[in-house]
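**Q** what shape does this take:
(2 chains)
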Amino acid sequence: MDTALDPDPAPAPDPDFIALDGIEKVFDVRKKTGFLRRERHQVRAVDGITFRVPRGEMVGYIGPNGAGKSTTIKMLTGILTPSGGRLRVAGIDPARERTRLARRIGVVFGQRTTLWWDLPLIDSYRLMHRMYRIPDRRYAENLDRCVQLLDLGDLLDVPVRQLSLGQRMRGDIAAALLHDPEVLYLDEPTIGLDVVSKAKVRGFLRDLNAESGTTVLLTTHDLTDIEQLCKRVMVIDHGRLMYDGPLAGLHEVGESERTLVVDLERELPPLDVESARVVKVEGPRQWLAFPAAASAAPLVAAIAARYPLVDLSVREPDIEAVIAKMYADRASS
Amino acid sequence: MAELLRHDQEGAARAAGRDEGRAGPPGPADGAPDRPLARARDGLRAYRMISAMWIRSTMAYRASFAMTALGNFAATALDFAAILLMFSQVDALGGYRLPEVAFLYGAAATSFGLADLAIGSMDRLGRRVRDGTLDTLLVRPAPVLAQVAADRFALRRLGRVTQGALILGYALIALDLTWTPLKVLLIPLMLVSGAGIFMAVFVVGGAFQFLAQDASEVQNAFTYGGNTLLQYPPSVFGKDLVRGATFLVPIAFVNWLPGLYVLGRPYPLGLPSWAAFTPPLVAVACCALAGLAWRAGLRSYRSTGS
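**A** The predicted structure follows:
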């Protein structure tokens, strides 16, 4: 990477690099209810979303299946036209100027490849080189860098269909970066990958964001992705933005709880202590839930004073549980 | 990377400035659809690059290519064998002798072969819509039509063109006609316009698959079916079918109208003789309509998803 040699100042801050204002997407769904009879109803996949992503930020975009994540990404890339609202990416309206925007963004779909399935990886790259009109030197440099960091050296002559999922994903990420995109959209980039591949992909993305200042928007089911990559997270459900802020803030919003696991000398009825409640008993082992914000020390002291304690451990709140709780709260209110 | 980034930022700043400077709601896009010529150029460029890549990859396995091309040729050759078989029993088909039928057959097969060679992959569009891989074409900086048309560009389809051209060649030698300059001129005009008309049918079929994703067979009925229809003289068919092929889906302009003029036979519907020279106009009109249909199909996909 040549940033160290380059005296360029950092890119000018642009707080409205990606800007959505009241973006909506309504689908007409026709359901067959009988022979020839069809029922029509509207589904609001995205229901008035507003957010800003400044240039150079790396943001996680999460939510359950069907929450509207992919629909949002498709609108941001110009694949789908929004039904309402205003949308700009690098000052461009994606729906109107799809091809102009395409030169400035990179897209990785975890579920499907943007590479040419039956051709060797290098053929796809060569075609990108010409299709995106990448200057020869830049192409060579970027390809070298991706090949090195993503470990693609041995794979370049292999047809894409013969690559493993992890190899293909790395190949896809490289393909999305050859033309120096300013924004990189990643839709489930670690889905189905093994632990080693996941780590490789995450490390690469972190370096990319830090060194090149590429703005990254990432949807995922794997919250470890978010924990390791994104300072900021947006949670979407039923097409609405439910949370936008630091990852740590999710715990407070979700009123999450930590768990204290205690091993007692013998089987006992559920412990009776203030500020915690027993959620599970299994022989001499008991699980107690207490507010994440509270300290574990007084609780441990209280238990140790009254019960025959052998061992204990504290478990941090499971972020998935936090989000699930958030959804549940929203649904019941 | 920094160098290029800087360049792009300037572009972004310009774009942002223009965007803010525009009063009221944004007018029609300052992007693609307003400049059809620039779009066509971009499309041809993308088409050339993608098809060249497929040709290179095919040529990596020359033996396999030779085999499939030969197979393609043989399969289509058998098709004509059926007609030869008929002529072993009868002297004329709908009043047409063998060289005349061969002329119509060769003209239709060559035109269709050229269209099939150029954009025969259009019938895969429905599958792309169904499995969502169309989205990956929409994030590339090239017109989707060019990408779909060039996808899996198969040089082996030259087999069909070769077969058609050979039969046409035989017919031209065997026919006993008084040639005029107009008739000579009409032959290349007929082949090129015919390819254009068939391409338009392919594209309309593709556009239809945006709405009905399983409709590739409907498309095939018009493309392959149309080709088969045209290989026989119009006098074999009922008047209504000929009318439909002339005015509804104007494939009659591929070879029937110009071909019958060359053969010196009257067209069954009693059209004036100058109609034999309209195929280029019909082809242009068909392609324009097909372009509009394609745009409508793509727009509907982008507003509804799959």
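**Q** can you pull out the strands in chain A?
**A** For chain A, the strands defined by DSSP state E occupy A:18-32, A:38-53, A:58-62, A:84-89, A:105-109, A:183-187, A:215-219, A:232-237, A:240-246, A:257-264, A:277-282, A:285-291, A:309-315.
**Q** need these in TSV with mean neighbour count, can you?
**A** Bear in mind the C-beta positions are built from the backbone N, C-alpha and C, glycine included. Output for the strands of chain A, formatted as TSV (neighbours: other Cβ atoms under 10 Å in any protein chain shown):
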stretch	mean neighbour count
strand A:18-32	16
strand A:38-53	16
strand A:58-62	24
strand A:84-89	18
strand A:105-109	25
strand A:183-187	24
strand A:215-219	24
strand A:232-237	22
strand A:240-246	16
strand A:257-264	19
strand A:277-282	13
strand A:285-291	18
strand A:309-315	13
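**Q** with distance to A:M75 and mean pLDDT added, can I get the ones you listed in CSV?
**A** Converted to CSV, the strands of chain A look like this (distance: least, Cβ to Cβ, whole Å; pLDDT from 0 to 100):
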stretch, distance to A:M75, mean pLDDT
strand A:18-32, 6, 87
strand A:38-53, 7, 88
strand A:58-62, 12, 93
strand A:84-89, 6, 95
strand A:105-109, 12, 94
strand A:183-187, 11, 94
strand A:215-219, 12, 94
strand A:232-237, 13, 90
strand A:240-246, 14, 90
strand A:257-264, 36, 88
strand A:277-282, 41, 89
strand A:285-291, 39, 89
strand A:309-315, 39, 88
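**Q** out of these, nearest to chain B?
**A** When these are ranked by proximity to chain B, the top entry is strand A:105-109, at 4.5 Å, counting by Cβ to the nearest Cβ.
**Q** quick revisit: ok, which of the strands of chain A comes nearest A:S124?
**A** strand A:105-109 (13.3 Å; Cβ to Cβ).
**Q** name the helices or strands packed onto that closest one?
**A** Taking 3 or more Cβ pairs under 8 Å, 6 or more residues apart in numbering or on different chains; DSSP states H and E as contact, the helices and strands that strand A:105-109 lies on are helix A:69-77, helix A:165-177, strand A:183-187, helix B:134-138.
**Q** in a markdown table: the ones you listed, plus distance to A:P94.
**A** As requested, these are exported to a markdown table (distance: least, Cβ to Cβ, whole Å):
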| stretch | distance to A:P94 |
| --- | --- |
| helix A:69-77 | 6 |
| helix A:165-177 | 16 |
| strand A:183-187 | 11 |
| helix B:134-138 | 10 |
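**Q** is any part of the lengthiest helix in chain A close to chain B?
**A** Counting by DSSP state H, the longest helix found in chain A is helix A:195-212. Yes: remark: helix A:195-212 sits within contact range of chain B at A:S212, by Cβ under 8 Å from any Cβ of the partner chain.
**Q** which one is the spatially most central residue of chain B nearest to, not counting chain neighbours?
**A** By Cα atoms, centre = their mean, chain B has its centre lying nearest to B:M199, at 1.6 Å. When the adjacent residues along the chain are set aside, B:M199 lies closest to B:A115, with 4.5 Å between them (Cβ to Cβ, 6 or more residues apart in numbering or on different chains).
**Q** please apply the same query to B:A174.
**A** Sequence neighbours aside, B:P99 is the residue nearest to B:A174 in space, at 3.8 Å (criterion: Cβ to Cβ, 6+ apart).
**Q** what's the span of stretch B:234-252, first residue to last?
**A** 9 Å (Cα to Cα, to the nearest Å).
**Q** same thing with stretch B:265-277?
**A** In stretch B:265-277, first residue to last residue: 15 Å (Cα to Cα).
**Q** check the offset of it from the chain's centre.
**A** 24 Å (Cα atoms, centre = their mean, to the nearest Å).
**Q** count the neighbours of A:K69 for me.
**A** A:K69 has 25 neighbours, counted by other Cβ atoms under 10 Å in any protein chain shown.
**Q** the longest helix of chain A packs against which elements?
**A** helix A:165-177, strand A:183-187, strand A:215-219, helix A:223-229.
**Q** mind checking which of the helices and strands packed on strand A:105-109 is nearest A:R315?
**A** Once those are compared by Cβ to Cβ, helix A:69-77 is nearest, at 28.2 Å.
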